[in-house]
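J.: Okay, predicted coordinates and the sequence, questions at the end:
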Amino acid sequence: MKKYYWLFITIFLLASCEEDVKFNTPAFQGLKDNVFWRAQNYSAQAKASGGVYVSGGLGTNTVTLKLPSLGPKTYVLGVDNLTAASYSDRFAIDKPEFTTGTNKGSGQVIITEFDAEKRTISGTFKFTAVNTNTEDLENPSVTFTEGVFYKIPYNPVVTSGN
């Protein structure tokens with residue numbers, strides 16, 4: 001009887017193993033102040049004013065990466081306003097907005113791949129953006145680390161505005 005019991009347990013264990021693989025393509029995610037953050041929606045779009053905006057949103061939160069070109073290279077943040085990163089919460093009561101810019105914040109965005117045929121863009125990012133409201137001493141900055149955007153759909157249509 002014990003042999004049947006162990007045989008039953010072994011068969012049950014082997015039969016219950018399955019591979020539950022989930023693919024995260026495309027993806028826009030990172031660690032926001034050391035807490036995992038993954039966008040539910042994302043896009044990359046050319047702008048009439050020049051450059052490209054790669055953005056990801058989770059609920060009312062939005063991360064936007066502003067880059068001067070699509071070329072695979074490292075873009076340094078906190079040097080000028082042509083290359084910038086921002087984080088905002090559209091519906092918060094005090095509407096905090098964090099950004100990098102000329103001598104403001106720091107970080108980098110690395111475009112690792114731009115596929116013109118499939119219209120996708122991939123890369124990594126990390127940044128520390130400062131609060132645009134200098135009187136908000138409770139939230140002086142926000143930090144994103146280990147950020148990745150992978151095969152984000154790119155819209156080459158040039159639109160008006162920012």
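T.: All right, it came through fine.

J.: so where's the protein uncertain?
T.: For the chain, the stretches flagged by pLDDT under 70 are 1-24, 92-94, 157-162.

J.: which stretches of it form strands?
T.: For the chain, the strands defined by DSSP state E cover 27-32, 35-38, 41-47, 52-58, 61-67, 74-77, 84-89, 97-99, 106-115, 120-131, 141-159.

J.: If you count neighbours, what's buried in the longest one?
T.: Buried residues in strand 141-159, defined by neighbour count with 16 or more other Cβ atoms under 10 Å: V142, T143, F144, G147, F149, Y150, K151, I152, Y154. For glycine as for every other residue, the C-beta is placed from the backbone atoms N, C-alpha and C.

J.: can you tell me which residues contact the third one?
T.: Spelled out, that is F144. Neighbouring residues of F144 by Cβ atoms under 8 Å, 6 or more residues apart in numbering: 30-32, 37, 63, 85, 87, 107, 125-129.

J.: Over to the fourth one?
T.: If a contact means Cβ under 8 Å, 6+ apart, then G147 has Q29, G30, L31, V63, T124, F125, K126, F127 as its contacts.

J.: Buried members of those into PyMOL, please.
T.: To isolate the buried members of these in PyMOL, using 16+ other Cβ under 10 Å:
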select buried, resi 29+30+63+124+125+126+127
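
J.: I'd like the contacts of G147 as a markdown table, with distance to V52 appended.
T.: Formatted as a markdown table, the contacts of G147 follow (distance: Cβ to Cβ, whole Å):
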| residue | distance to V52 |
| --- | --- |
| Q29 | 19 |
| G30 | 19 |
| L31 | 24 |
| V63 | 15 |
| T124 | 16 |
| F125 | 13 |
| K126 | 19 |
| F127 | 17 |
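
J.: out of the contacts of G147, what pair is the most spread apart?
T.: Q29 and F127 (14.2 Å; Cβ to Cβ).

J.: Can you tell me which of the contacts of G147 is nearest T99?
T.: Of all these, T99 sits closest to F127, with 9.5 Å by Cβ to Cβ.

J.: partners of that closest one in the sheet?
T.: On the basis of DSSP bridges, F127 is bridged to G107, F144.

J.: what's near enough to touch it?
T.: Per Cβ under 8 Å, 6+ apart, neighbours of F127: L77, A85, T100, G105, S106, G107, Q108, V109, T143, F144, G147.

J.: Let's see if you can find the most crowded of those residues.
T.: Taking other Cβ atoms under 10 Å as the neighbour criterion, A85 ranks highest of the contacts of F127 with 30 neighbours.
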